[in-house]
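Participant: let me see the structure of the following:
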Amino acid sequence: MSTPDEPRQSEERDVEAAAARSADPEQYPGDRDEPENDRTSGDERVNLSKDVEKDDARKIVTGAARYTADYARRFPDLAHGKVVRSEIAHGYVTGIDTSEAEAMDGVYAVVTPWDDIVPDTLYSSSGQSYPEPSPWDMRVLRRHVRFVGDPIAAVAAETGELADRAARAIDVEYDEREPVFDVEAATDPDAPRLFDDDEVENAQSGAEYERNVESRFDGEIGDVEAAFERDDVHVHETELETPYQSHCVPEPHTTIAYTDEDGRYTFITATQVPNHTRRQLSHVFDVPIRDVRVEKPRVGAGFGSKQEMAIEPITFALHLEAERPVKLEMTRQEEFSALRSRHPMRMRIRTAVTDEGDLVAMDLYARSNSGAYGTHGMTVASNVGTKALPLYPRVANLRFEGDVVHTNLPMGAAMRGYGAPQGHFAVEAHVDEVARDLGFDPVDFKRRHAIREGNLDTASVILKDDDRFARRIRSCGLEECIERGKEAIGWDDLEQPDAAHLYRGVGMAMCAQGSGVAGRELGAAKLKMNEDGSFHLHVGGVDTGTGNDTMFTQIAAEVLGCRPDEIVVTSSDTDITPFDYGSYASSTTYISGTAVKKAAEDAKERILYWGSKLLEEPEANLETGDGEVYSEETGASVGLEELGYEATYGHDEREQIMGDGHHSTDESPPPFGAQFVDVTVNGETGEFDINKLAYAADCGVAINPALAEGQVEGGQHMSLEYATSGGLAFDEDGTPQTKGFRQYGMPRTTDHPPMETILVETHEPTGPFGAKSIGELPTNGVPPALSNAIRDAVGVRLTELPITPADVRDAIERRERREE
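Facilitator: A predicted model of the protein is given here:
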């Protein structure tokens with residue numbers, strides 16, 4: 001991402017001018033060339049819009065699925081790793097005594113920052129495109145420690161128990177420095193400085209490390225200050241705050257590193273970004289990319305936490321020192337305290353609105369706590385505005401600013417939604433309050449101003465210095481999402497409880513996301529046909545448990561005219577599969593799926609060629625379907641098995657039928673959704689019960705509706721956790737107090753309210769068979785919708801997450817004092 005030195009200015013000054021800009025088809029054409037086979041109605045689809053069973057579902061539930069740690073049995077001489085982590089929040093490591101650990105029988109390696117085997121190279125752990133927009137501010141092991149949990153040494157031993165005992169025997173001496181934990185205090189000129197000039201390389205805008213500022217960005221459309229000074233507007237302002245959130249992945253970060261018989265370095269690792277990780281390891285250890293292989297086995301969920309090269313470098317250093325395979329597996333405590341989390345944010349949003357309800361200006365500011373390092377700091381913070389503000393494209397005057405600040409707390413990083421959950425909480429709770437203050441029905445008010453098909457979204461590029469990536473909205477089912485969600489939640493038929501102290505309310509939040517990173521994606525696929533008419537599909541796209549591999553087979557089968565189970569998928573091995581940026585930014589269906597479609601179409605051309613030879617008919621007459629090539633003119637057909645054998649073993653001509661496809665694009669069409677919450681609040685105690693969640697989602701054409709619904713349900717669960725529980729606690733010295741699920745408080749299945757998922761079909765002409773994304777969209781809705789529902793029930797606004805009964809009770813008491 002690039003950010004301008006100065007805010008962009010535009011000539012529009014009112015709603016009408018913004019609407020005109022939004023509808024300029026000459027500057028931003030709405031039509032795009034679309035493959036002819038993309039537009040098929042529901043009854044014409046053979047393999048699409050079908051609930052095909054997830055290909056690894058039975059393996060997972062029976063325990064047959066193999067994750068990274070399960071590959072340890074392949075290595076009889078495997079060593080087990082353990083990391084020694086900083087016990088202070090800020091300071092310098094002045095000495096490490098490893099003698100006791102090294103003397104233990106069965107300890108194979110001990111590494112520290114001073115060892116030659118450990119590179120001193122700066123890098124970013126963020127799995128992003130090259131060059132990473134995140135700063136290079138990490139080293140494999142750290143002498144300058146910046147949070148409790150920073151890695152400073154590591155051990156490899158015969159057993160995990162021995163490695164743990166050896167790590168505990170290492171004695172570390174520190175030169176302790178004053179820490180800073182608050183984002184406001186961190187920017188004070190007298191605050192302790194976390195990075196010296198030689199400790200970071202940062203190309204981002206606005207970096208000011210003298211004040212612990214990793215990045216500052218700003219963008220403007222129109223003239224916001226002039227709009228707020230108009231005599232005919234009301235100005236509304238809301239301040240909001242969101243906490244850390246843990247990814248809570250079932251499978252902790254795990255890596256096995258070894259050298260194969262050809263002297264090449266191989267990593268079996270739970271990652272969302274195999275190719276980025278390969279490149280980063282090459283950089284850090286100064287080895288050619290060709291000598292690094294990254295294999296992704298089955299991943300027990302990532303949610304963004306594994307869009308990081310978090311532990312692979314330490315594993316590699318231990319392997320090089322021990323000269324044997326090494327497995328490093330994080331504990332649950334390390335996952336909570338030392339790995340990655342969602343960035344905490346403080347946000348302020350102002351809106352200028354007329355008596356008639358015209359939105360004249362919006363001004364959003366976000367201050368992000370990046371924690372000790374800058375991985376994904378600026379890019380996540382920029383999404384706070386560029387994902388939520390596009391919901392209101394006809395606001396003529398728009399400004400979005402942000403600061404990304406370092407503190408001596410654990411680092412934030414990529415997490416499902418990537419800044420959008422924070423932004424939606426701010427924007428959707430605030431706009432709801434604006435509507436209520438002016439006496440408008442909040443749903444009608446939002447629907448009146450909401451984005452719709454044909455609009456031009458310039459808010460998503462407000463931080464860029466040109467409009468290259470401005471999005472023409474070619475598919476939008478938001479109106480239908482709202483209507484069907486209202487019906488599902490019973491918006492117009494709400495019955496109040498009989499008890500006088502109980503109050504029932506409903507709330508709604510609109511949601512949007514994206515489909516990949518515009519101009520920053522690449523996916524590729526290769527397909528080969530076997531002689532019996534079956535297929536092997538090689539894809540770089542990463543399945544992290546979402547069912548992507550199943551979706552890929554459905555797309556390919558629709559093109560090839562076979563069944564999905566006749567396609568075997570091999571994914572995410574940098575030696576074998578084509579290049580792909582990885583699984584993040586809701587890109588897999590849209591980017592990698594399109595690459596699969598192109599590869600299948602490329603192979604289909606050769607299939608039709610051989611069908612033409614065997615049927616002695618022109619290729620133009622032929623089509624594939626039901627495992628055959630058939631003539632639309634004569635009805636004659638030949639099976640794919642007969643065709644495959646002829647192509648492979650033919651007398652006069654032979655061919656391995658193959659197809660290649662790759663896809664990159666400047667497009668990133670947003671999926672849309674509407675989250676509804678039904679809540680009952682105890683007006684005396686502040687306790688509340690969520691009666692029901694309903695989510696209506698427009699993801700274009702749902703390739704596999706059951707898997708899409710699963711994504712919505714899982715996203716709502718994560719969003720509910722963000723809204724009502726979770727969060728990380730630290731003591732006054734910055735030591736983590738959240739060490740496991742019990743302290744974290746993630747909702748259990750028995751705690752979860754009923755959910756209803758509604759898929760609203762639209763057709764996205766730039767996506768494979770009309771599909772958009774669904775993975776991140778549903779993480780955005782519960783916090784604002786719950787805040788809105790509580791406001792509807794008892795008349796108080798909750799602006800800080802998580803929302804607790806104590807917060808509701810305090811808000812009610814404050815309101816009552818004001819009314820006295």
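Participant: quick one: what helix or strand has Ala525 in it?
Facilitator: strand 523-529 (DSSP states H and E).
Participant: past that strand, which element shows up next along the chain?
Facilitator: Following strand 523-529 in sequence order, the next helix or strand is strand 535-539 (DSSP H and E).
Participant: what comes up buried for that next one?
Facilitator: Phe535, Leu537, His538, Val539 (16 or more other CB atoms under 10 Å). Every C-beta, even on glycine, is put in place using the N, C-alpha and C of the backbone.
Participant: ok, those residues vs Gln333, which is closest?
Facilitator: In terms of CB to CB, no member of those lies closer to Gln333 than Val539, at 35.0 Å.
Participant: now for that closest one: which residues touch it?
Facilitator: Residues near Val539 by CB atoms under 8 Å, 6 or more residues apart in numbering: 523-526, 549, 552, 569-572, 577-578, 580, 592, 595-596.
Participant: just the buried members of those residues?
Facilitator: Buried among the contacts of Val539 by 16+ other CB under 10 Å: 523-526, 549, 552, 569, 571-572, 577-578, 580, 592, 595-596.
Participant: out of those, list just those in strands.
Facilitator: In this view, those that belong to strands under DSSP state E are Gly523, Ala524, Ala525, Lys526, Val569, Ser571.
Participant: just checking, what packs against the strand holding Ala525?
Facilitator: strand 535-539, helix 593-615, helix 640-649, strand 658-663 (3 or more CB pairs under 8 Å, 6 or more residues apart in numbering; DSSP states H and E).
Participant: rebuild these as a markdown table, extending it with mean pLDDT and distance to Asn780.
Facilitator: Shown next, in a markdown table, are those (pLDDT from 0 to 100; distance: least, CB to CB, whole Å):
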| stretch | mean pLDDT | distance to Asn780 |
| --- | --- | --- |
| strand 535-539 | 98 | 28 |
| helix 593-615 | 98 | 22 |
| helix 640-649 | 97 | 43 |
| strand 658-663 | 97 | 26 |
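Participant: okay, domains of this protein per the record?
Facilitator: Split into domains by automatic domain parsing, the chain comes to 46-63+522-663, 69-178+252-331, 476-514+666-820.
Participant: where do the helices sit along the stretch 301-450 of the chain?
Facilitator: Under the criterion DSSP state H, counting those that start in this stretch, the stretch 301-450 of the chain carries helices at the ranges 312-322, 332-337, 377-386, 420-438, 442-449.
Participant: highest average neighbour count across the ones you listed?
Facilitator: helix 377-386 (a mean of 28; mean count of other CB atoms under 10 Å).
Participant: average pLDDT for that one?
Facilitator: For helix 377-386, mean pLDDT rounds to 97.
Participant: ditto for stretch 474-481
Facilitator: Mean pLDDT, computed over stretch 474-481, is 97.
Participant: relative to the whole chain's centre, how far out is that stretch?
Facilitator: Between the centre of stretch 474-481 and the centre of its chain there are 22 Å (CA atoms, centre = their mean, to the nearest Å).
Participant: straight-line length of it, end to end?
Facilitator: 16 Å (CA to CA, to the nearest Å).
Participant: what's the answer for stretch 746-755, then?
Facilitator: Stretch 746-755: ends 17 Å apart by CA to CA.
Participant: got the buried residues for it?
Facilitator: Here stretch 746-755 shows Met746, Pro747, Met755 as buried, counting by 16+ other CB under 10 Å.
Participant: ok now it, how far from the chain's centre?
Facilitator: 22 Å.
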